[in-house]
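Novice: Kindly return the folded structure for what I paste below:
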Amino acid sequence: MPFLIWLPEQDQRELEGHIQVFLAEKNFEGCGGLEMTEEIKICIAAQACLLLLHRNTDYYPSLRSIVVYPGGYFVQTSRHLGAGVVEETRQARLGQASQHGAVVLAWDAVRKATSDLGLGPNIVLHEFAELLGSIDHNLRGLR
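Specialist: Down below sits the predicted model:
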């Protein structure tokens, strides 16, 4: 992960610890013929855990699985337009965070963002930040 060299040594050690816990706690699943490798797991875990630096955390508590496709994928969606009319569409996606225990990612988008060194959109950071946002929102509701 090229961006890791820019982190102070103490942050690198903290990140490595987060990655180890994340990999031990989360299930990774390859879909669409993608064979799950250590490279894929570590690449995703490192980026997801980067968002956990200097936070009191329990490692995305509602997240159970990270589902990875080789590339973009399609999902069927439906929305009610009123008067009994339902619109059904197929949407192309590169990633999606669910409050029901899964993050879905397109490996080609993950790899491209990793090699771009922060020059473009990062699907892993985006989806995991959404999870953190929902966690923070839920915690505020408990106070």
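Novice: ok, residues contacting stretch 17-33?
Specialist: 36, 40-42, 44-46, 48-49, 52-53, 57, 59-60, 63-71, 73 (Cβ atoms under 8 Å, 6 or more residues apart in numbering). (C-beta placed from N, C-alpha, C; glycine too.)
Novice: Quick one: buried ones out of those?
Specialist: Neighbour counting with 16 or more other Cβ atoms under 10 Å marks 36, 40-41, 44-46, 48-49, 52, 57, 60, 63, 66-69, 73 as buried within the contacts of stretch 17-33.
Novice: partner residues bridging residue 27?
Specialist: For residue 27, the beta-bridge partners are residue 65 (DSSP bridges).
Novice: How much space separates it from residue 48?
Specialist: 14 Å (Cβ to Cβ, to the nearest Å).
Novice: And for residue 85?
Specialist: 39 Å.
Novice: got it, and residue 19?
Specialist: According to Cβ to Cβ, residue 19 and residue 48 sit 9 Å apart.
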